[in-house]
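Student: Test case, fold it:
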Amino acid sequence: MHTNINSTTVQTVAQKALPGIPTSVIKASLPQVGWPTSDTMTAADWAKTVAFVNSLGALTQEAKVTSSNYTDKYLP
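Tutor: Down below sits the predicted model:
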């Protein structure tokens, strides 16, 4: 996430999760989030991240990450 804050995909998801917020505000606020600079994630990190993503309601169904299917490598 840290290296993708200027990604059109990230901004589009943020806009869907925050309807009515101007694009310029979303773009300006993404760098202010304390995104991890490392790609290492523990099970607790994933649980916190998934809970946040689910709270946005941006996904069509609730995301679940368990110890048997999480990875600490981000997709390109």
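Student: can you map out the helices along the chain?
Tutor: In the chain, the helices defined using DSSP state H lie at 8-17, 23-29, 43-56.
Student: for the spatially closest residue to Lys16 that is not a sequence neighbour, what are its contacts?
Tutor: Nearest residue to Lys16, sequence neighbours excluded (C-beta to C-beta, 6 or more residues apart in numbering): Ala58, at 5.3 Å. To be clear about C-beta, it is placed using only N, CA and C from the backbone, and glycine gets the same treatment. Neighbour list for Ala58: Val13, Lys16, Ala17 [criterion: C-beta atoms under 8 Å, 6 or more residues apart in numbering].
Student: pLDDT score assigned to the last one?
Tutor: Spelled out, it's Ala17. Here, the pLDDT recorded for Ala17 equals 84.
Student: okay, the angle between the helix or strand of the chain with the lowest mean pLDDT and helix 8-17?
Tutor: Sorting the helices and strands of the chain by mean pLDDT, DSSP states H and E puts helix 43-56 at the bottom, at a mean of 81. Helix 43-56 runs at 50 degrees relative to helix 8-17, counting by axes from the mean of the first three to the mean of the last three C-alpha atoms, to 10 degrees.
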